[in-house]
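Asker: Quick one: sequence and predicted model below, then my questions.
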Amino acid sequence: MKKDQLSREIQNTKVLIKPIWWRQSLFSLFILVLGFYFAFVSYFGEFASWFGMLTFVTFAVLNFLDLLCSWSCLRIDDDGYFLRTWWRRKGFAHHEIKDFETREYANRKLIVVLLKEKLVQETVQEGETIPFPCTFGRPAEEVLELLKKNLRN
């Protein structure tokens, strides 16, 4: 019996979707350059220049640390789907999700979660969709295919 449990635990797969490293690195570099721009330009006033420099350099360092530590990611495991970003955390169990689909939002594809009817009545207002911004720079179709492939009912 223990051997069967061990083989099931080994078969448990985890899927981890992280940001594309080169894209996030270039974004961090852009924010850092923007911060140094504020350091050398005094057109906005001394206080605004210092504030802009410190703000953008802080965001650049945080974004770079996010890249190194893999803070922002989507984890799919046996317990469900867990999305962690800078500003929010979302988690859904496999039995709560009916399906995923894409919607057009600001001329781009956005992945949304369709919950099962029981959960919709309890948590979501009628007509409201739950966005699931989990592509991290990847094509939405590719991520949507991966989400649907790992969906268990």
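Answerer: Good, I have the coordinates.
Asker: Name the residues that touch stretch 88-98?
Answerer: Where contact means C-beta atoms under 8 Å, 6 or more residues apart in numbering, the residues beyond stretch 88-98 that reach it are 79-83, 113-117, 119, 130, 132, 151-153. All C-beta spots, glycine's among them, are computed from the backbone N, C-alpha and C.
Asker: Can you name every helix or strand that the longest helix along the chain contacts?
Answerer: The longest helix of the chain (DSSP state H) is helix 46-69. The contact analysis (3 or more C-beta pairs under 8 Å, 6 or more residues apart in numbering; DSSP states H and E) places helix 46-69 against helix 21-40.
Asker: which regions of the chain sit below the pLDDT cut-off?
Answerer: Applying pLDDT under 70 to the chain picks out residues 1-13, 119-128, 153.
Asker: Per the annotation, how does it divide into domains?
Answerer: In terms of domains, the chain is parsed into 19-69, 74-149 (source: automatic domain parsing).
Asker: and stretch 102-111, C-alpha only, in CSV?
Answerer: Taking Å, rounded to 0.1, in the frame of the first residue of the first chain, the C-alpha atoms of stretch 102-111 are listed here in CSV:
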residue,chain,number,x,y,z
THR,A,102,-10.8,34.2,-23.8
ARG,A,103,-12.5,37.5,-24.1
GLU,A,104,-11.4,40.6,-25.9
TYR,A,105,-10.3,43.4,-23.6
ALA,A,106,-8.5,46.5,-24.7
ASN,A,107,-7.9,44.9,-28.1
ARG,A,108,-6.1,42.0,-26.5
LYS,A,109,-7.1,38.5,-25.4
LEU,A,110,-7.8,38.0,-21.7
ILE,A,111,-8.3,34.6,-20.2
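Asker: ok, and for that stretch, which residues are buried?
Answerer: Residues of stretch 102-111 classed as buried: Leu110, Ile111 (neighbour count, 16 or more other C-beta atoms under 10 Å).
Asker: Just the residues contacting it, thanks.
Answerer: The contact list for stretch 102-111 (C-beta under 8 Å, 6+ apart) reads 100-101, 112, 129, 131-135, 140-141, 143-144, 147.
Asker: what about that stretch, distance to the chain center?
Answerer: Offset of stretch 102-111 from its chain centre (C-alpha atoms, centre = their mean, to the nearest Å): 15 Å.
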